[in-house]
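S.K.: Please work out how this folds:
(one chain, ligands or ions: 2)
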Amino acid sequence: MHHRVEVLIFSPNQVTNKATTESLLCPFFQREVATDFDFFYFVQQWPGSYCDTKQSCCYPTTGKPVADFGVHGLWPNYNDGSYPSNCDPDSPFHQSEISDLISSMQKSWPTLACPSGDGLKFWSHEWDKHGTCSESVLDQHGYFEAALNLKKKTNLLQALKSAGNTRFQHFPYDTYYRHYFYTTVSNKSKGKKKMFTGIQPDGEFYSLNNIKAAIKDAIGYTPYIDCNVDQSGNHQLYQVYLCVDTSGSNIIDCPVLPKGRRCGSSIEFPSFGNVAED
Ligand code: 5GP
Ligand code: 5GP
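M.R.: Ligands and ions are numbered 1, 2, ... in the order given. The predicted structure follows:
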């Protein structure tokens, strides 16, 4: 049964006292009542790919972001693939509600759209369009904090970097290693006497399956990868989608795959200035 049907019976606004609710309703039913969406997509973007397109990018007024994945958004979704948006025009974005988070947001959720901005427009857009649809679970502060915590917890760049090394430790056989090396790194690198040092933003091509496997190895869940196209027409690693339960804190298997653009079997991981320190 769909959640929206439940909402007609008990609107989230009616469920104001958690203790009372728990005593009245069984845990399953209470969960159904308390949320009006099924899960979140947590979407992170690679700045090198955002910038490496015809559209180009503008660095934030607060400075060039470090070479790391940045948050794009935390999006409430339904299990059938559809999603609510702009749920509460009476709940505008207020910088004052998240003043303690602003410096982390500048670092972890930088805006790359042109013209350059300080991020407030991007965050306000994400709150209005998506955040207002999970207000039954997370208020404005809780929403942005949840996204920042997820970014820290997933540490995608490190997950990709440690790819291969883990496998090498598990399978210390030269033949396997050589096979893994040659199937992972692009044609450009074949023949170079370079040890495989994981999946890095070095402008090389990597297998989509190896990218997914590296993230699954590190995080425990397979991501969905969304590609865009660079100026020469190459598919590149643009966004990484993970699914998160309605609390906004636990990564889960995706109930439904997002509709993002498909990638080829081998995709570019563009550089973005200096790579962030470990
Ligand atoms: P795009 O067409 O660039 O993939 O998506 C445009 C915007 O639509 C996204 O930035 C996001 O705000 C919204 N969007 C796209 N796909 C989804 C989805 O599967 N779930 C949710 N909740 N929003 C989406
Ligand atoms: P969505 O695609 O989430 O609905 O909307 C993203 C909006 O935020 C667009 O209007 C886009 O121009 C703006 N925006 C500002 N900075 C960024 C950024 O760094 N990445 C993305 N994807 N959109 C940004």
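
S.K.: Next one, pLDDT for the residue of the stretch 151-278 of the chain found nearest ligand 2 please.
M.R.: Residue nearest to ligand 2 within the stretch 151-278 of the chain: Gln239 (7.9 Å; C-beta to the nearest ligand atom). Placement of C-beta: from N, CA and C, glycine included. Per-residue confidence at Gln239 stands at 97 (pLDDT).

S.K.: if I pick Ala163, what's in contact with it?
M.R.: 184, 198-199, 210-211, 213-214, 217 (C-beta atoms under 8 Å, 6 or more residues apart in numbering).

S.K.: Compile those into TSV and extend it with columns for secondary structure, neighbour count and distance to Asp226.
M.R.: Below are the contacts of Ala163 laid out as TSV (DSSP: H, G, I helix; E, B strand; the rest coil; neighbours: other C-beta atoms under 10 Å; distance: C-beta to C-beta, whole Å):
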residue	secondary structure	neighbour count	distance to Asp226
Thr184	helix	24	21
Gly198	coil	18	21
Ile199	coil	25	16
Asn210	helix	19	17
Ile211	helix	24	12
Ala213	helix	18	17
Ala214	helix	26	17
Asp217	helix	15	20
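
S.K.: Surely the residue of the stretch 151-278 of the chain closest to ligand 2 is within a helix?
M.R.: No: counting by DSSP: H, G, I helix; E, B strand; the rest coil, Gln239 is not found in a helix; it is strand.

S.K.: Kindly indicate which of the contacts of Ala163 lies nearest ligand 1.
M.R.: Closest to ligand 1 out of the contacts of Ala163 is Ile211 (18.7 Å), distances taken as C-beta to the nearest ligand atom.

S.K.: what does the stretch 1-150 of the chain put close to ligand 1?
M.R.: 41, 75, 77, 83, 129 (C-beta under 6 Å from any ligand atom).

S.K.: which SS class is the nearest residue to the residue of the stretch 151-278 of the chain closest to ligand 2 once chain neighbours are set aside?
M.R.: In space, and not counting its chain neighbours, Gln239 is closest to Asp226: 3.9 Å by C-beta to C-beta, 6 or more residues apart in numbering. For Asp226, the secondary structure call by three-state DSSP comes out as strand.

S.K.: Can you get me a residue count around Gln231?
M.R.: 9 (other C-beta atoms under 10 Å).

S.K.: Pretty sure Leu242 sits against Ala218.
M.R.: No: at 11.4 Å, Leu242 and Ala218 do not qualify as touching, with contact defined as C-beta atoms under 8 Å.
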